[in-house]
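# The following comprises the amino acid sequence and a computationally predicted model.
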Amino acid sequence: MRALQYFFSEAVASLWRARSAAVLAIVTIAVGLFVLGFFLVLNTNLQRVVSQWSESAELSVYLNDDATAEQLKSVDEMVAGSGLSSRRHYLSKAAALARFKGDFPDLASTAGALSGNPFPASFEVQLRTDVRGATGAVDGFVTAMSGMPGVADVHYDREWLTRLNAVVRGMRIAGGVIVVMLALAAAMTVANVVRLAAASRRDEIEIMQLVGAPFAYVRGPFVAEGILQGGAGALLALLALAAGFYALRLRFGAAAVQATGGDSLTFLPVPVVAILLLGGMTLGCIGGYVVARRVR
Amino acid sequence: MIEADRISKTYARGVYALRDLSLRIDKGDFVFLTGPSGAGKSTLLRLLLRRDVPSEGQLIVGGRNLAELTPRQVQAYRRSLGFVFQDFKLLQNKTVLQNVALVPRVLGMPPSQQQRRTFQVLKWVGLQHRMSAYPLELSGGEQQRVAIARAIVNDPVIILADEPTGNLDPDLSLEIMNLFREINARGTTVVVATHDRELIRRVGRRSVTLNHGQIAELA
């Protein structure tokens, strides 16, 4: 306990002595972790939207206006017998028009002005959760349905969801690469700042070595200095991220919810915040240790 | 206590700092190492501080061959030493009290003991009234007394001093030597490197004269 107190009091004094360099290191770490946090917030919310959209993804089987009752029955039996649907629902032409008017009240008068009802009847099929990833089976089902008498078209939401997922995955990889690079830059900056501190404390280190101070005592302050810089950088990043997030949510939150049809935007969960904070400290610790282990 | 057995120390291009030197210093001795600049006095002290190891021969202190010590054993060995340098090596950003207390502090002594012991040695060197001063506020003699206080705060068995009076006038030099004599009187072995022959004469202790890394004279 006394040793820890010594490490951190020396580290604080050293940071204060070289405060300009320390601020630079803290800001570098903060930038790195801010970018990481930004990607995490983006990913968390995109993932939620994609997941919600996936949940409601449907396969729509549009029917010809002249489809017979027998053809409707065949289509219904085909869907029921496929084993892929968790729920199916027949939407008549009239019901489709009514839904359109309900969803788009501004355009209701336009639809009314048309000579007939342009909306086709359809079967809306909700796929079972466990078969959503089985693209082969679903594709085969879509092909089979498309060829059935009375069927005008089959529309499957999954295709663009797959594309959206690919975009999200790509963003995650790009974010990961940027974050790794920034983390390396942050660790190197910390190492340089701690190296400066080591140079300015050369006499003290020499005296400690000559009196036979344990390695931990000689090296501890440098590691503590790195941890403090990393922790301060992470805290700064999280504060900036939270301020930016809540300001944006206040300004654009409602519009985003309306556009995506999802729940309100969320900030990082507490465990992720804790991991970011610890991550910053670990980065600083690594930077400090790299320098400290050279002190013999 | 200290036994150098035909030790040599060579540096780059085969330059000898010490050559085939054998020397014995018993427990409780007070020995001056003297000789001109480059004679090997500081090199011998470096070897005794275990900042370096001999290129040849053995340097035995307290029955241990210094060249064979592991890093942790070196730490333990150094805890039995006190050192004083010509340039004092005091930390300018720490007060007199903090400079001296650094040693017991990093060696893990409990705070109450640290304070008691630090105050004791500062009183002994006559600087108890300058505890909150910074080194640059002190005279050369006072700074060297702080360095001596730091060297003895850990109750070492050997004190090594490299030109401790090099920056002081003759009266102050004698004052500092008197402190070393008192330390020695308590049973601590003292080894002082100096080129000041007049000071050696006035103190009147055993001296070893080095020249070109070899013993030129024992007195």
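Okay, I see it.
# tell me the mean pLDDT over the helix or strand in which residue A:137 is found?
Secondary structure from DSSP states H and E places residue A:137 in helix A:135-146. Throughout helix A:135-146, pLDDT has a mean value of 81.
# One more: stretch A:32-39?
Averaged over stretch A:32-39, pLDDT sits at 83.
# Let me know whether residue B:27 touches residue B:63 as I believe.
No - counting by Cβ atoms under 8 Å, residue B:27 stays clear of residue B:63, with 11.3 Å between them. Placement of C-beta: from N, CA and C, glycine included.
# so what's the backbone phi/psi at the most centrally placed residue in chain B?
In chain B, the C-alpha nearest the mean C-alpha coordinate belongs to residue B:160, at 1.8 Å (Cα atoms, centre = their mean). Main-chain torsions, residue B:160, degrees, to the nearest 10: phi -110, psi 130.
# That one: what's it in contact with?
Counting by Cβ atoms under 8 Å, 6 or more residues apart in numbering or on different chains, residue B:160 makes contact with B:45, B:48, B:49, B:81, B:82, B:83, B:84, B:191.
# Relative to residue B:82, how far out is the residue of chain A at minimum distance from chain B?
Per Cβ to the nearest Cβ, the residue of chain A with the smallest distance to chain B is residue A:212, at 3.3 Å. Distance from residue A:212 to residue B:82, counting by Cβ to Cβ, to the nearest Å: 11 Å.
# try residue A:18
Distance, residue A:18 to residue B:82, by Cβ to Cβ: 31 Å.
# Compare the two and say which one has the larger neighbour count.
For residue A:18 versus residue B:82, neighbours defined as other Cβ atoms under 10 Å in any protein chain shown are more numerous around residue B:82 (27 against 19).
# what sits opposite that one in the beta ladder?
residue B:159 (DSSP bridges).
# got it, and residue B:214?
Counting by DSSP bridges, residue B:214 forms beta bridges with residue B:211.
# residues touching it, list them.
Residue B:214 sits next to B:18, B:19, B:20, B:21, B:40 when contact means Cβ under 8 Å, 6+ apart.
# now the residues you listed: which count as buried?
Buried members of the contacts of residue B:214, scored by 16 or more other Cβ atoms under 10 Å in any protein chain shown, are B:18, B:19, B:21, B:40.
# what number of residues lie near residue 47?
Let's take chain A. Using other Cβ under 10 Å, residue A:47 has 13 neighbouring residues.
# you looked at the wrong chain, it should be chain B
As a measure of burial, residue B:47 has 24 neighbours, counting by other Cβ under 10 Å.
# same deal with residue A:33?
By the criterion of other Cβ under 10 Å, residue A:33 has 29 neighbours.
# list the contacts for residue A:151?
A:61, A:62, A:63, A:64, A:67, A:71, A:75, A:145.
# in its sheet, what does the helix or strand where the first one lies sit against?
Spelled out, it's residue A:61. Per DSSP H and E: residue A:61 is located in strand A:58-63. According to DSSP bridges, strand A:58-63 forms sheet pairs with strand A:122-127 (antiparallel), strand A:151-156 (antiparallel).
# so who does the spatially most central residue of chain A touch?
Central residue of chain A (Cα atoms, centre = their mean): residue A:43, 1.2 Å from the mean position. Counting by Cβ under 8 Å, 6+ apart, residue A:43 makes contact with A:168, A:171, A:172, A:175.
# ok, 7 Å please
For residue A:43, the contacting residues are residue A:172, by Cβ atoms under 7 Å, 6 or more residues apart in numbering or on different chains.
# which element is it on?
Taking DSSP H and E as the criterion, residue A:43 maps to helix A:19-55.
# And that helix, what's buried?
A:21-22, A:25-41, A:43, A:45-46, A:49-50, A:53-54.
# Check stretch A:146-160 too.
Neighbour-count burial for stretch A:146-160 flags A:150, A:151, A:154, A:156, A:158 (criterion: 16+ other Cβ under 10 Å).
# Columns distance to residue A:7 and pLDDT on top of those, output as JSON lines?
Output for these, formatted as JSON lines (distance: Cβ to Cβ, whole Å; pLDDT from 0 to 100):
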{"residue": "A:150", "distance to residue A:7": "79", "pLDDT": "89"}
{"residue": "A:151", "distance to residue A:7": "74", "pLDDT": "90"}
{"residue": "A:154", "distance to residue A:7": "68", "pLDDT": "88"}
{"residue": "A:156", "distance to residue A:7": "61", "pLDDT": "80"}
{"residue": "A:158", "distance to residue A:7": "56", "pLDDT": "67"}
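# which one of the residues you listed is nearest residue B:144?
Distance ranking of the buried residues of stretch A:146-160 against residue B:144, using Cβ to Cβ, places residue A:158 first at 84.6 Å.
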